[in-house]
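Novice: Quick one: sequence plus predicted model below, questions after.
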Amino acid sequence: HFYKRCFVLKMASVFGLMIAYNTVIADDGVMIENDFFRDTLDTFDDDTVDNVTEPACDIIATNPNPCPCQCLSDSLICCNLDNTSPLPKGQCDSYNCSATEITLLNCQLHSTVINRQFILSLGWRQSRLRTLRLRNCSISDTTFGSGLEGLRVLDLRGNKVDAFREPELEMLDSIYLSGNNWPCIDPSKEKRFRSKSNLIFGEKMSWLLDMYWNERWIDRKLTFCNLDDHLQSVEEEIVKKHSVESFLQFTKKTNSTCPALCDCEVADETIKFTLEDMSKYKVNVVCTDLGLTSLPSRLPPDTIYLNMANNQVSSLDLLSNLNPDYKSIERLILTNNSLKSMQGLENSWLQRNGPVLLDVRDNFITQLDTSALESMLSKASINTESNYFFAGNPWSCNCQNIKTIQEFLEKYSSLIMDTEHMHCSDCECTLLHLDYKEMCTKDHDYMIWVILVEAILLVAIMLKLTWDCVRYRRTGHLPWVARHLCWSVPGISRGRWTSTLPSMCAQGEQVIGQEVT
């Protein structure tokens, strides 16, 4: 009866092989058809390809022996393991299986240490284990190694997986990881606002980029991340760029250029102009509440979101001169900093591209540079999601700029979300609703009086001059100024005037009087 069951098992494996090739574990653990992932399994034609199937577990389930394993010549098959530690001693000791291959099916291996002690508890007695294969198992934070020195092949295809530690296997020849829904992007994990996922998976699995593992990772070109819905239908070339290897490289590059103390995560991007954009992961950089006094001098490539809220940033100079690190910025938050102007925007990528979000609320900016903002907002108006915030600054309001600012705010009222809360620094009045005519008329009332007085004085001087001229022609008398201030005394230069000036002036008057008579 036992050999008959073995024969049935072997025959079932032939048909089950085709089933296994045409299935993959979905994100919720259900087996689903997927030709794309099927191809990743079909690519390899060696001794690591499946030769056990789901019916094997049904046969083991009918076995009265409490051991969840079955020994078949050179293979040991175990099903439905749900242990984080080795099986109880004696449960599978009767097998003394000398298999060189072990296959675990439908197992829960969260935080499990798969070492020599664990394997021995399954009834294995061979001194050299060559192949360890897992199918339809849950693998997360699992440890492989420690006592499995002879293991050559680690086959982890077709499982429900998460990040796990670097295997302690120094003699491994090959590791297979394809056919899994690797959670490179995991929105369920802790992350910052506007981020799609953190980089914890990439950090934990970074060991795969080491030369040792890169040489042994046989199917690395066919090992893919969980794909977003919008990527399922695009060209295959674009999908392949979302391989686990590319995500690990992205994580390594991002972390190496991430500003100190800041958090760098995968952005929840909303703007995609080309297929090339879809093939790249974008980056969010969050540097809030760190007491920073300047913008980061370096950002990871493809950074589209930078949050610098609640710091002491006082200048935007690093944005100027088309700084390449800020080329892709779509959202910039500078709330509650120490900015006194927006100088630096006028020659930046933000001005050229038109960011989707710019937030400079609660700073010390006094001048709203409409000329620098005009080009930026004009481009940003194309996107309906664009938002700009300027409130909480001591804006300067005077007759030279108020009309221009009001016209600017009205023009871009659909983009500037807080125009009703922008106030002038010298009054509690709203900048947008400030009465230009009333303000500027009051400011110029005193000038009217100055001009009026000047006009009266000018008329009086002209009348006096006219009267002096008429009088001089009639009587020959000089004007009072000429007589008493001695502007002109014949024969005496100004340099010779002394304290006897009044007597000389009197003599001058006598001489002039004689000439007249």
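Specialist: Great, that's in hand.

Novice: When you work out contacts or count neighbours from here on, use the C-alpha atoms and nothing else.
Specialist: Will do.

Novice: Any idea how far apart the tips of stretch 178-187 sit?
Specialist: 22 Å (Cα to Cα, to the nearest Å).

Novice: again with stretch 421-431
Specialist: Stretch 421-431 end-to-end distance (Cα to Cα) = 8 Å.

Novice: what's in contact with that stretch?
Specialist: For stretch 421-431, the external contacting residues (Cα atoms under 8 Å, 6 or more residues apart in numbering) are 366, 390-397, 402, 406, 419-420, 432.

Novice: roughly how far apart are the residue sitting nearest the centre point of the chain and residue 376?
Specialist: The centroid of the chain falls nearest to residue 284 when counting by Cα atoms, centre = their mean (1.9 Å). According to Cα to Cα, residue 284 and residue 376 sit 21 Å apart.

Novice: repeat for residue 412
Specialist: Separation of residue 412 from residue 376 (Cα to Cα): 11 Å.

Novice: Please, where are all the strands along the stretch 1-150 of the chain?
Specialist: Counting by DSSP state E, counting those that start in this stretch, residue ranges of the strands within the stretch 1-150 of the chain are 23-25, 31-33, 69-72, 75-79, 101-105, 108-110, 113-114, 131-135, 138-140, 143-144.

Novice: related to what we said a few turns ago, which of the contacts of stretch 421-431 fall within helices?
Specialist: Residues of the contacts of stretch 421-431 located in helices (DSSP state H): 402, 406.

Novice: ok, so of the contacts of stretch 421-431, who is nearest residue 150?
Specialist: Nearest to residue 150 among the contacts of stretch 421-431, counting by Cα to Cα, is residue 390 at 65.9 Å.

Novice: Go ahead and build a PyMOL selection from the buried members of the contacts of stretch 421-431.
Specialist: Only the buried entries of those go into this PyMOL selection, using 16 or more other Cα atoms under 10 Å:
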select buried, resi 366+390+391+392+393+394+395+396+397+402+406+419+432
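
Novice: re earlier: which helices and strands does the helix or strand hosting the residue nearest to the centre of the chain pack with?
Specialist: Taking DSSP states H and E as the criterion, residue 284 maps to strand 283-286. When contacts are defined as 3 or more Cα pairs under 8 Å, 6 or more residues apart in numbering; DSSP states H and E, strand 283-286 sits against strand 263-267, strand 303-307.

Novice: Can you add mean neighbour count and mean pLDDT and give those strands back as CSV?
Specialist: Below are those laid out as CSV (neighbours: other Cα atoms under 10 Å; pLDDT from 0 to 100):
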stretch, mean neighbour count, mean pLDDT
strand 263-267, 24, 93
strand 303-307, 24, 95
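
Novice: could I get the ones you listed as JSON lines with distance to residue 340?
Specialist: Listed next are the helices and strands packed on strand 283-286 as JSON lines, based on distance: least, Cα to Cα, whole Å:
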{"stretch": "strand 263-267", "distance to residue 340": "27"}
{"stretch": "strand 303-307", "distance to residue 340": "18"}
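
Novice: Give me the pLDDT for residue 12.
Specialist: For residue 12, the pLDDT comes out at 40.

Novice: same deal with residue 25?
Specialist: pLDDT at residue 25 comes out at 33.

Novice: contacting residues around residue 295?
Specialist: Residue 295 touches 308, 313, 315, 316, 318, counting by Cα under 8 Å, 6+ apart.

Novice: out of those, who has the most neighbours?
Specialist: residue 308 (27 neighbours; other Cα atoms under 10 Å).

Novice: so that one makes contact with residue 291?
Specialist: No: applying Cα atoms under 8 Å, one finds residue 308 not in contact with residue 291, separated by 9.7 Å.

Novice: burial count for the residue nearest to residue 224 when sequence neighbours are not counted?
Specialist: Of all residues not flanking residue 224 in the chain, residue 243 sits nearest, at 4.0 Å (Cα to Cα, 6 or more residues apart in numbering). By the criterion of other Cα under 10 Å, residue 243 has 22 neighbours.
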